[in-house]
Structure formats: structure tokens, C-alpha cells
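Participant: the sequence and its predicted three-dimensional model are supplied below.
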Amino acid sequence: MALPIYASPVQRVWHYFFIVLCTAIFLYLLVPIFVIMPLSFNSEPYFSYPMEGYSLRWYEEFFTSDQWLLGLKNSIIVGIFATLVATTLGTLAALGLNRADFRGKTAMMAILISPIIIPIVITAAGMFYFYASIGLSSTLTGLVLAHAALGVPFVVITVSATLVGFDHNLVRAGASLGANPFRVFFKVTLPMILPGVVSGALFAFITSWDELVVAIFLAGAEEHTLPRRMWSGIRELLSPTITAVATMLILFSILLMVTMELLRRRTERLRGIRN
């Protein structure tokens, strides 16, 4: 943001100090992440700077390893199904809270978003004991349900934010024309809130894709996800393959974040907000 031409010297000093401070914070947060990426092309089997050579051997090892590919497969399966469950439940919950007005509505919202607030270790331990008692521990089904529970709050929050500017007269108009509730939802409501639903689904997918603690508690030998496999690799054998996996995860996360930003702007346009 440019300063006005009539800004005083003190204002200019604070302006540039603010820019320097924001840049320093930005570098502090991102440099430790992006420093991993060059190491994934290291030709030597250890972590060192400067690198003695460049190679794609660690990417090749990832795509030829049965254990790594199994972790990737499980992460994709769990992520997709957990996202579907979380998106469905979270969207229905947001619609219900938006349309209804009842005592305890605030408490209900607090309960729905509580997985974000409660420490993940406590949640994972509770899920482990509960799922173990009903036979869902060490199964992909249990992992899907656990990750869906962690993703629901993000869907509720994003869809609720989209519904703030939603015109309910459109729903009444559809009903007055003879459409049943399901037709009104799929023809009127869903197209209007779709950017928020997709954004919530992406948040739920990222939550499942990057989740580690619950996977440590619930995943068995054949149900380990990619983050769980990375954790095991760090504990047992510090292989540069982990840096290749981390690089791919970083790039994938950046792609999802860009997609969410585009959806956010689309949501604002639908709500009539102009930057």
C-alpha cells in the first residue's frame, strides 16, 4: 500500500518498518519449509549444504517403493472419502444452523467446531479407545471416520460464511413454484453456496491429507498414510526420500491454497462484495 504524498516523516518510517517486519515474519515462516526442496535433488544419501551433486534418485525411490506407494494410496483413499463425509455432514449442519433459530444455537456451533479447539492428542486418544471397542481401530473405515470428524468444523465454518449473504427469498420462490425441498436445494441453494462448499471440502481434504497424530493412534501396518510413513521413516531411517515426499506435499498444498483463494474471490463476487 503506497503512502499519500502528504505523509509525515514519522509515518514514512513506520510504513517502511512495517514492510520490513512483515517481510521478516514471512521469511521466518517460509524459509524452513522451502529449504527442504533443494535437498530432495541431492545425489548423496545425507542432508548437507552445499550439495555435491543433483539427482532424481529420491523421487525414483519413492515411486518404486511398495511402502511409500501404499502410504500414498491410503492417503488418497482416506482423504477422498473423509472429505465426502465431512462435506456432506458439515454442509447440512451449516444449513440447519443458518435457517433455524433455537435456544442453544451458539453452544451447538461450539460443539461442531470443538475438534479445532481441543488438542489433537486428546481427540486421537479418545478416538482410539472408542474405535477399539467397536472394532474400527486399525481399519481404513475408522481412519476415514476419524478424519471426517476433524474436517467437519472447516466445512461448517466456510459454508456458514457463504450463507451470510444468501437470500432465502430464492428458496421461498422455488417452493412457491411447486418444487420439492430436494429440487430447491440442488437447483437453487447448492449452486449459490457451491464455492463455499468446495472451499470447505478442500480444507477437509488438506486436514486429512496432512494429519499425523490420529493416524499414529488408529492406523495399522497396512493402513498407514503418507504422513504416518514419513514419521516412521524419520524414526527408523533418516532417508532423503522424505525430502522428496515433503517437496511434493508442499507443491500440492500450494496448488490447493491457490484453488481456495480463487474460490474465495468467486464467493465474494456472488455475495456482491467488491475489493
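Facilitator: Nice, thanks for sending it over. Being a predicted model, the structure only gives us computed values, none of them experimental. Numbers count the residues shown, from 1 in each chain.
Participant: hey, let's count contacts and neighbours off CA atoms from now on
Facilitator: Will do.
Participant: how many neighbours does Tyr110 have?
Facilitator: To be clear, residue 110 is Ala; Tyr isn't right here. 14 (other C-alpha atoms under 10 Å).
Participant: meant to ask about Gly178, not that
Facilitator: Neighbours of Gly178 under the rule other C-alpha under 10 Å: 10.
Participant: gap between it and Pro191?
Facilitator: 19 Å (C-alpha to C-alpha, to the nearest Å).
Participant: and if you look at Ala93?
Facilitator: For Ala93 relative to Pro191 (C-alpha to C-alpha), the value is 17 Å.
Participant: ditto for Ile36
Facilitator: Counting by C-alpha to C-alpha - Ile36 and Pro191 are separated by 41 Å.
Participant: again, but for Leu262
Facilitator: Look at Leu262 and Pro191: by C-alpha to C-alpha, they are 16 Å apart.
Participant: then Phe102?
Facilitator: Distance of Phe102 to Pro191, given as C-alpha to C-alpha: 27 Å.
Participant: neighbour count for those two, which is higher?
Facilitator: Set side by side, Phe102 and Pro191 show more neighbours around Pro191, with 11 against 8, by other C-alpha under 10 Å.
Participant: measure the more buried one to Val184 for me?
Facilitator: Taking C-alpha to C-alpha, one finds Pro191 at 10 Å from Val184.
Participant: okay, now the unreliable bits of the stretch 101-250 of the chain?
Facilitator: 236-237 (pLDDT under 70).
Participant: run the last query once more with 80
Facilitator: The model of the stretch 101-250 of the chain has pLDDT under 80 over residues 101-105, 164-172, 174-182, 184, 186-189, 191, 220-222, 232-240.
Participant: please, where are all the helices along it?
Facilitator: For the stretch 101-250 of the chain, helices defined by DSSP state H, counting those that start in this stretch occupy the ranges 105-112, 114-117, 120-133, 140-163, 169-176, 181-184, 190-210, 213-218, 226-236, 241-270.
Participant: highest average neighbour count across the ones you listed?
Facilitator: Each of the helices of the stretch 101-250 of the chain was scored by mean neighbour count; the highest is helix 140-163, a mean of 24, by mean count of other C-alpha atoms under 10 Å.
Participant: and that helix, how far from the chain's centre?
Facilitator: 10 Å (C-alpha atoms, centre = their mean, to the nearest Å).
Participant: so this structure: which segments form each domain?
Facilitator: Per automatic domain parsing, the domain ranges recorded for the chain read 9-34, 66-270.
Participant: so what's the gap between the first one and the chain middle?
Facilitator: Per C-alpha atoms, centre = their mean, the displacement of domain 9-34 from the mean C-alpha position of its chain is 27 Å.
Participant: just the buried positions in that domain, please.
Facilitator: His15 (16 or more other C-alpha atoms under 10 Å).
Participant: equivalent analysis for stretch 53-73, please.
Facilitator: Under 16+ other C-alpha under 10 Å, the buried positions of stretch 53-73 are Arg57, Trp58, Tyr59, Phe62, Gln67, Trp68, Leu69, Leu70, Gly71, Leu72, Lys73.
Participant: show me what that stretch is in contact with.
Facilitator: With C-alpha atoms under 8 Å, 6 or more residues apart in numbering as the test, stretch 53-73 has contacts from 40-44, 222-226, 228-229, 240-241, 244-245.
Participant: ok, stretch 86-102 next?
Facilitator: With C-alpha under 8 Å, 6+ apart as the test, stretch 86-102 has contacts from 105, 109, 148-149, 151-157, 159-160, 163, 197, 200-201, 204.
Participant: same check, this time on stretch 17-34
Facilitator: Outside stretch 17-34, no residue is within contact range by C-alpha under 8 Å, 6+ apart.
Participant: show the average pLDDT along it.
Facilitator: The pLDDT scores in stretch 17-34 average 86.
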